[in-house]
Structures are given as structure tokens and as C-alpha cells.
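*Asks:* can't give you the sequence, but here's the structure:
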């Protein structure tokens, strides 16, 4: 293995030294090609559903549901109806302006009067259906006399025995209904607004167009709606309102994260650049490292375009990984080159790089890339793609720092020797004191580790994603408010069934479950079908109202006759007498209007004709077409399947409550899906994925370290240092009250790579031998510098408003500091003890 390495590094050094311009030109051209290829082929996929592998069972079920019923994830305007009597007026004011904006998509705020009539025949019970048909038939029969009022007067005669008792009862019922319609007009219809069952919250749903090729996805619709809400607050200052829903939460989170990342990146780049230049005592060499890094970034970008062809919401941060880890290889090269230049020429210094630091970089890149490649063994497609891109990118960073950077150093280095940084002298003085006391240092390190046991064992994992949102985010605040009201929860479990009988059975079972609150289905607005109701609806579909004519000269006398007949009926009607008395009173009012009575009856007749035509017309439609526009897609699919939506009784942003809800739903519907189900499954799956990544990464790191050193004691020193550093990270996180969450868990593979890379570089340097082997020269300085840049680079996220990103910055700062202390303090002491107990073995000469 050493012979192959020596031959390869020797070949690279000869090429770089002999043809530096050719190496630089080749790297730059390939980077340019990579940028062009990537720019023309890479697209952004901001669909969060695609972050999970499609073959995962719970995601496959959700995709089947989404394919059957379409996108049901709406933006929701929420108006607190308890805040102001004008809340309903406010909701209509908002809806008018939403509907006027043709780019917002479907707007749903209630069931209109026309939609209610269209559905009426299916929503009514048998008695109501029979009453309408009887009224329609009575009008038709009365109109056949030439004067509809005269016909009704005859039909209302209770003494007419025609038709037997059943016939008399039906005739009178129909005649009374027809009379009521003509006298009072058809039943008044008003829109049923969309609200919680308790009535507190009024909802307006918006299905915006979604552009998954942009980070914002719904950024423009969200802004348009918020502009309308801002105007509404001026018009209705006492009405409390807001915008929420899963798409809005995601859009707000993305906007906050993007803003935080931009500010943190600008601050981090500035601080890191200053620190590198101060520590290395030069401006030129760090800039050369950035040029070499630019080549690697271009190569990576082009490779992504040729392979995956897309970036998702996780893999889009691959550049952050490359900057945080890949740039470290260049720092080690620069630091060691400067050290060599104190006593060698340019060519000799470059040869020294390939005999020393390149070996450490090679070991480091294998371990660092392995921590990301193992993501391919998880169920998260987004994490898989990030792992692949970051792993390959780190390998390309190593390649660029091993070829392009040395070539740049050769052609730009015109000084006779390198200027030593004052930082190095301070470092040696400090280390001299620690190395003379290795037993005390190791004992102290172990004592700290033991003291941190109860804290580390008490580490928690925060699963409530609302708690990661920035303070003051409107969508998160409203989500919390409506989550406390189970009737208003925007999340629901979804169960698809093939028949209405199954819907009814499932609804009954769901209402018996403790954790299931409101249950929505087609049964809420469509009455159960029976043989009788089907016959009546068929009859209603053919029911048509004949033209009603009246003789204006006889209207008042006819009305008086009708009133007398109704009075006779009321006297013997018993419990139904109250309704008859109301009709009698209405007839009396009409009689009091004199000649205007004929005009009013004629107007009522026209309205009645439209009323009955709307009902019978709706019956002639299919079931799905008769459903209200805003509810159709969530009640019945185009293929004819039905959806049952089960809302949680408790706040499912709380993980424990979510688990109980999911359990209750699956008890009655094992194949249920929906946002609560996928969210619950993905939370644990994401945590398990990171744990799996860590475990596999540690296995690969151990294998690579063994193959690198082929010495058990050296391997133990490296892995023990890494383990102590990670243990300190977890322990001090708990001490400071920082818990793991789905945002800062991303720090784990980076810290593993950072911790093992520093250990590998230090042990490689120690194995080179020499009297100053435990001082590590420029290697220690490079390790300190790379850890500091990582700490500061990610630590700048502590200024973020997004709590998840802020926690990532805190974890990276704690972890970088812990791993750095383990590498620069504990590891030298372990090596010093190794020398005392087992002697020195050095086989990596310069």
C-alpha cells in the first residue's frame, strides 16, 4: 500500500512541479465546464414530499392518496369570530378581494345558496323530499285550473273526501306547502360560511399555484394574501385575523432560513477570512486556497448536473458542507507549505507536501466523505442526495487541494522563504506545559467525561417543529391557536374508501375513539341513501313547475277563501297548528296589501320556479358534480372514491399527543395516511436515519483508520479522542440546556468528520518523528485554524431568528470547541503516554 501511495504521490508531485500552469488551466477549464453543465441541467425541487424515498410504505400510501384526491394542502385565512361582531362582514370583504385576484387559485369560504340548492335533493331527509314533491305536484295541479289560487283553494278544502285518507293527507300537505311558497316565497337561502364547529373561527381556504422550482414555492400568493389582510385590518381594526396552513408555515420557514443563512454567511466569510489571514500571516495563500476550492465546487456542480440533475431542500446546502469541511484540506496544505518554505525551495516544499500532509488529507477525506456516503442507507431521499453530493464534493475538494493548490503555490511564490506566524510560538509554549503532564491531562479529561454522564444521559430530542420557528412568525402563532381547538385543526388523517356504506361505518368507529375529534366526510352534507329516498329523488328530477296564472281581480277573495280553509285545518291540526297559524298570518298580511298582493304572488312564483329548477337540476347531476365547489375535491375523487378526514382532539404538534392520535386512527384504519401520519413517521425516521448514519460512519472511520495506520495503538488514540470529543459535545449541550432537533442533528456528521480529521492529521504528523513530534509544528496550527473557522462559520448562525438554525450554530460551536480541545489537549497527552509505555514508532518520513 505504501509503495502505491508513494508512487502516486511522486507522480502527482512531478506533474505539478513540471507543469503547474497546465494543471491550473485544466482545473479551471473543467470547473467552467462544470458550472455550465450544472447551470443548464440542475433544477430545484422544493417539494418536501420528495425528501422521503418513494418506496417507504407510509410515503407510498400518502402519494397514492395525493394522486387520487390531488393537492389538498391549502393556505388558510383564520378570523377569530369572537373578536368582533363584524367578523362575518370582514370575511366577505376579504373573499371579494381574493376572488378578484385571478392568480391566487381556488378560494373557498363557505357553501353558497346556489350550491346548497344544487345539493338539496341529496341533503334532505325523506320527509323533506316528499314535502317538496307534494308541493310541486300541488302547484302543477292547481295551475291546471287556469288560476293557481283558485286551484289551491279547492285543494285545501278538508271536507273533500277524494282519494281516501292517505290521498287527503298528501293533497292537503302539498297544497299547504304550495300555498306557503306562493304567499311567503321559496325558503330563504343564505351562504353557510366555513367555520369551526364551535363557531369561534371563520376560515377561508386558498389553493394557490405552487412552483416547486423556487425556494418560496408560494411566495407570491402568500404576499398577495398578506397585502389583502393588511388592508382588511385597516378596514376592520378590531377583527383578529391571520394566515396559516402547512404551505404557509413552510414558506415562512424558508424565507426566515434564507434570510438568516444570507446574513450568517456574510458574517462568517468575513470573520473566517480575517482569522485565516491573521493566523497564517498572509493574504495571498488563503486566496489561492479559495481559487482551488472554486475549482472543486465547479467540478461538483457539473457532476450533480450529469447525475442527479436536481437539488432538494437538503442537498441545496452542499456548498455549506464543502466550505465547512473541504476548505480545511487547503488550510493544512498552506500551513505545511509555509513550514517547509522556512528551509526549502518551492519544489522541495511541494515534494514535502505529498510525502506528509497529503497522506493526512487522504485519510481525512476518506473518513469525512464516509460520514456522508452512509446516508445512502437511510430512507430519506433528500438525505441520500445530500450525502452523495457532499461525499463526492469532499473527494473533489481533496483532489483540487492536492493538484491545483500546489500548482498555484508554485507559480505565485516568489519569496525566498516563508514568514512564520507569531501564533505558532504561543502555541508551542502552551503545549510544552501540557505535554509534561500527560497523566494529569488524561485523568482530568476522563474526570470531565464522568461528570458529564448524567447530563449526557438526560439529552432530549425536540420533535415539535413549531418550536423551531422564529419567534413572532404569524403563521406559527395562528397554528398554535387553532391547534388548541380540535374543531379547527388544519391537519387531518385521511382514509380512502370505495362506498358510502364504508364511510358511514368508519365515521361511527372514529367517533368512538378518544383521540379523534371532528370527523369530516360526505355524510356531513349528504343524507344516507335509502330505497325510498332514491325513488323520491328520481321523481324530483323530473318534477317541473307549470306556469302559474292568477286573476288579479279575484286575488283577494281567493286569499280569503284559502285563509278560511287553513283556519279549519288549524283547528283540528293539533301539534302542526302552529305552522298553519304562521301561514294564515302571512296570508293575512298579503291580503292587507290590497292590489299589491297579485304583484307579490307573481314575483314569488318566478322565484319559486328558479328554486325548484335549481333543486331538480342538481339532482340530474352526478353526485360529485353536485357537491360544493370548495369541498368537492376533498370529499370525492374523480374516480369515485370517498375520503374520511379525522381531525385530532388534542394538539398534535405535541409529539406524544400525535402518537396517541396516530395509534387511534390506525386501530380503525390501518391504511390511513395524511400529514399527521407522515409527519409522525418521518420524525422518528429522520432521527433514526441520523443515528444510523453516525453508527455506520463510526464503523467506516474505524476501518479506514485501521487501514491507514495499521497499528492498533494509533487507531485507539484516534477513536478515543473522537469519542471523548463527541461525548463532551453531548454533555455540554445538556448542561447549557440545548437539545437535539431535526435542524441541529445535521451537525452530527460534520462534527464526526471534524473530530476524526484533526486526530488523523495529528497522528500522521507524530508518526513522522523528530524531536518536536509532540509539538506537531504547522499541523497543530492548521488543526486549530480549521476548527476555529468551522466554529465561527457555523457559530454565526447564533444570530439567526429561526430557532432551528440558531440551535445548529450553538451545537456546531459547542461541538467544534469540544472536538478541538480533545484533539489539541487530550490526543498529545495520549501519544505522550503511548511513548512512555510502548515506545515510539515512526514510519512516515519527510
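*Replies:* Sure, I can see it. Bear in mind the structure is a predicted one, so any value in this text is a computation, not a measurement. Numbers count the residues shown, from 1 in each chain.

*Asks:* Show me the strands in the protein, by range?
*Replies:* With DSSP state E as the criterion, the chain has strands at 43-45, 75-80, 106-108, 110-111, 192-193, 201-207, 241-244, 310-312, 461-462, 493-497, 516-520, 642-648, 673-674, 740-741.

*Asks:* can you tell me the distance between the two ends of stretch 213-227?
*Replies:* One end of stretch 213-227 sits 24 Å from the other (CA to CA, to the nearest Å).

*Asks:* Run through who's touching it.
*Replies:* 43-46, 75, 77, 98, 101, 103-105, 206, 208-211, 243, 247-248, 250-252, 254-255, 258 (CB atoms under 8 Å, 6 or more residues apart in numbering). In short, each C-beta sits where N, CA and C put it, glycine included.

*Asks:* Same list, the strands of the chain, but as CSV with distance to residue 340 please.
*Replies:* Converted to CSV, the strands of the chain look like this (distance: least, CB to CB, whole Å):
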stretch, distance to residue 340
strand 43-45, 44
strand 75-80, 61
strand 106-108, 68
strand 110-111, 78
strand 192-193, 78
strand 201-207, 65
strand 241-244, 61
strand 310-312, 39
strand 461-462, 47
strand 493-497, 65
strand 516-520, 71
strand 642-648, 65
strand 673-674, 62
strand 740-741, 42
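
*Asks:* so which of those comes closest to residue 140?
*Replies:* Smallest distance to residue 140 across the strands of the chain (CB to CB): 29.6 Å, for strand 110-111.

*Asks:* one step back: which among the contacts of stretch 213-227 end up buried?
*Replies:* 44-46, 75, 77, 98, 104-105, 206, 208, 210, 243, 247-248, 250-252, 254-255 (16 or more other CB atoms under 10 Å).

*Asks:* out of the contacts of stretch 213-227, which are inside helices?
*Replies:* Those of the contacts of stretch 213-227 mapping onto helices are 98, 247, 248, 250, 251, 252, 254, 255, 258, per DSSP state H.

*Asks:* By mean pLDDT, point me to the weakest helix or strand of this protein.
*Replies:* Within the chain, no helix or strand scores below helix 422-435, which has a mean of 56 by mean pLDDT, DSSP states H and E.

*Asks:* what's the most distant pair in the ones in helices among the contacts of stretch 213-227?
*Replies:* 98 and 258 (26.3 Å).

*Asks:* quick one: residue 156 from residue 564, how far?
*Replies:* Look at residue 156 and residue 564: by CB to CB, to the nearest Å, they are 9 Å apart.

*Asks:* The two: which has the busier surroundings?
*Replies:* Each of residue 156 and residue 564 has its neighbours counted (other CB atoms under 10 Å); residue 156 has more, 24 against 15.

*Asks:* what sits against residue 693?
*Replies:* 371, 374, 375, 377, 378, 383, 387, 748, 749 are the contacts of residue 693 under CB under 8 Å, 6+ apart.

*Asks:* what do you get if the cut-off is 10 Å, keeping everything else the same?
*Replies:* By CB atoms under 10 Å, 6 or more residues apart in numbering, the contact list for residue 693 reads 371-378, 380, 383, 387, 745, 748-749, 752.

*Asks:* How about residue 332?
*Replies:* Contacts of residue 332 by CB under 10 Å, 6+ apart are 289, 353, 356-358, 360-361, 364, 401, 757, 761, 764-765, 778-779, 781-783, 785-786.

*Asks:* One more: residue 729?
*Replies:* By CB under 10 Å, 6+ apart, the contact set of residue 729 is 452, 456, 738, 747-748, 751, 755, 811-812, 814-819, 822.

*Asks:* same check, this time on residue 43
*Replies:* Shown in contact with residue 43 (CB under 10 Å, 6+ apart): 212, 213, 305, 308, 309, 310, 311.

*Asks:* Give me the nearest residue to residue 697, chain neighbours excluded.
*Replies:* Nearest non-adjacent residue to residue 697, counting by CB to CB, 6 or more residues apart in numbering: residue 371, 4.0 Å away.

*Asks:* rewinding a little: and of the contacts of residue 43, the nearest to residue 473?
*Replies:* residue 212 (21.9 Å).
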